[in-house]
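In: Could you look at this predicted model? Sequence included:
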Amino acid sequence: MGKGLFITGTDTDCGKTYVTSLIIRSLRAEGYDVVGYKPICCGDRNDALELVDASGDTLTVDEANPVWLKTPAAPHVASMFENTPIDTNALLKQHENLSSKHQVVITEGAGGALVPIAGRENTIADFAKEVGSPVIIVVGNKLGALNHTLLTVEALRARDIEPAGLVFNNLVDELDTATITNKGIAEEMCGVEVLTDVIRGQEEIEAWPFLELLGL
């Protein structure tokens with residue numbers, strides 16, 4: 001079985017796909033067979049297509065994204081609107097399938113950690129626990145990010161998931177007091193290491209923090 005990471009975020013549009021793609025490309029550049037997995041897309045399928053591209057087109061979009069709901073809403077809501085129940089066991093089996101074929105699978109959740117897949121007892125965080133890969137939180141660095149980060153860490157710990165690290169994604173070009181200090185304060189308050197921060201438009205990311213987490 002291959003190794004893996006699970007990418008969740010502090011919110012929708014915090015930059016999960018952007019960061020996930022950077023990680024995949026950096027690890028592939030180091031010579032590792034790494035692919036992205038986006039179990040659920042709601043609305044368009046652009047996130048999955050971006051992960052397929054980052055994975056060097058080594059898998060199809062249907063392999064990378066087995067559940068595509070057209071309604072732009074939380075998976076639980078979209079599945080109700082489209083009368084299409086989400087089978088998380090099937091999503092786990094596809095993760096196992098990819099892990100049997102590739103060295104590393106980077107899984108990206110939908111929205112934030114507590115986004116419901118099928119009710120309050122079946123969230124992205126619950127799915128991440130089932131996958132079992134180290135969980136990285138992508139933080140959309142802006143005013144309010146401290147609260148979002150601490151809440152996400154608490155939600156994961158409530159499910160016996162200890163976050164493996166934070167990646168701060170700077171959403172604006174010019175930083176202010178909040179965005180400059182968020183990284184250090186968040187690390188101090190929640191005790192989760194900041195693996196790296198990403199400036200807006202950055203095209204590469206260092207591979208070594210993620211190689212260490214993967215034991216490669």
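Out: Received it, and whenever you're ready, just let me know what you need. Just so it is clear, the structure is predicted and the values come from calculations on it, not from any experiment.

In: residues contacting residue 56?
Out: residue 28 (Cβ atoms under 8 Å, 6 or more residues apart in numbering). For every residue, glycine as well, the C-beta is placed using N, CA and C.

In: Find the helix or strand that residue 11 is a member of.
Out: For residue 11, there is no enclosing helix or strand under DSSP states H and E.

In: give me phi/psi at the closest residue to it other than its chain neighbours?
Out: Among residues not flanking residue 11 along the chain, residue 112 sits closest, at 5.3 Å (Cβ to Cβ, 6 or more residues apart in numbering). Taking degrees, to the nearest 10, you get phi -90, psi 180 for the backbone angles of residue 112.

In: Mind jotting down where the helices sit in the protein?
Out: Assigned helices in the chain, in chain order: 16-29, 46-54, 61-64, 75-81, 88-101, 124-131, 145-157, 177-190, 208-214 (criterion: DSSP state H).

In: Buried by neighbour count: which residues of the shortest one qualify?
Out: Meaning helix 61-64. 61, 63-64 (16 or more other Cβ atoms under 10 Å).

In: same check, this time on stretch 201-216
Out: For stretch 201-216, using 16+ other Cβ under 10 Å, the buried residues are 205, 207, 209-210, 213-214, 216.

In: ok, back up a step: including distance to residue 117, could the helices of the chain go into CSV?
Out: Formatted as CSV, these follow (distance: least, Cβ to Cβ, whole Å):
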stretch, distance to residue 117
helix 16-29, 16
helix 46-54, 16
helix 61-64, 18
helix 75-81, 5
helix 88-101, 6
helix 124-131, 6
helix 145-157, 14
helix 177-190, 25
helix 208-214, 25
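
In: Those helices: which one's closest to residue 7?
Out: Smallest distance to residue 7 across these (Cβ to Cβ): 4.9 Å, for helix 16-29.

In: Tell me what angle the closest one forms with helix 46-54.
Out: Here helix 16-29 points in a direction 10 degrees away from that of helix 46-54 (axes from the mean of the first three to the mean of the last three Cα atoms, to 10 degrees).

In: What mean pLDDT does helix 16-29 get?
Out: The pLDDT scores in helix 16-29 average 98.

In: For that helix, which outside residues touch it?
Out: 5, 7-9, 34-36, 38, 46-47, 50-51, 53-56, 104, 106, 108-109, 138, 167, 169, 198, 202-207, 210-211.

In: Show me where this protein dips below the pLDDT cut-off.
Out: 1 (pLDDT under 70).

In: Kindly state which of the helices of the chain is positioned closest to residue 163.
Out: Between these, helix 145-157 lies closest to residue 163; by Cβ to Cβ that is 5.5 Å.

In: Show me the contact partners of that closest one.
Out: 8-11, 112-114, 125, 128, 135, 137, 139-140, 162-163, 166, 168, 178-179, 182, 185-186, 189-190, 192.

In: who's sitting farthest from the centroid in the chain?
Out: For the chain, the residue at maximal distance from the C-alpha centroid (Cα atoms, centre = their mean) is residue 177, at 26.6 Å.
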